[in-house]
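Peer 1: Give me the fold of what follows.
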Amino acid sequence: MSLPSLSSLVRGRDWIQGRNWKIWTGIAVTALAAVQLYFVRELLAALFIFTIVFAVVATVFLMLWLVDRAGQRTLAWAEPQTRELARLARRGVAIAEELGKKWTHTGAAHS
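Peer 2: Below is the predicted model:
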């Protein structure tokens, strides 16, 4: 079955009374469905792309947050050790100064 041309249908106007209107309605519905399916496929593709981008960005932020938390815990753990180390260093410097003064005053540096 061959479809009549659009110009012959418009000129003759017999397409409303015959079976042609069913054919053209079917074609229109099919075209509309195809356009909607294409639109839905585009939306699904965009959703997929945005989901991937969101997952990557969320992963980056999660990693940065975890590094920050680990840094805070490390600093909280290291602070008491550094204070003890600084106290020992001050004590060592004081002992070295004392020994240096004794060593230079006794003349041990010149012998």
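
Peer 1: Now for T82, how many residues are close by?
Peer 2: 11 (other CB atoms under 10 Å). C-betas here are computed from N, CA, C, even on glycine.

Peer 1: Same check on R90?
Peer 2: Neighbours of R90 (other CB under 10 Å): 10.

Peer 1: tell me the mean pLDDT over the helix or strand containing it?
Peer 2: Element membership for R90 (DSSP states H and E) is helix 20-105. In this model, helix 20-105 has an average pLDDT of 88.

Peer 1: Give me the distance between R90 and L75.
Peer 2: 21 Å (CB to CB, to the nearest Å).

Peer 1: Please apply the same query to T82.
Peer 2: 9 Å.

Peer 1: still on that earlier bit, now find how far off-centre the helix holding R90 is within its chain.
Peer 2: Chain-centre distance of helix 20-105: 8 Å, with CA atoms, centre = their mean, to the nearest Å.

Peer 1: burial measure for T51, as a count.
Peer 2: 10.

Peer 1: what's the answer for A70, then?
Peer 2: So A70, with other CB under 10 Å, has 10 neighbours.

Peer 1: do the same with N20
Peer 2: 16.

Peer 1: Number the residues from 48 up from this point.
Peer 2: In the new numbering, first residue 48, that becomes N67.

Peer 1: so what's the spatially most central residue of the chain up against?
Peer 2: For the chain, the residue sitting closest to the mean C-alpha position, by CA atoms, centre = their mean, is V104 at 0.7 Å. Going by CB atoms under 8 Å, 6 or more residues apart in numbering, V104 touches no other residue.
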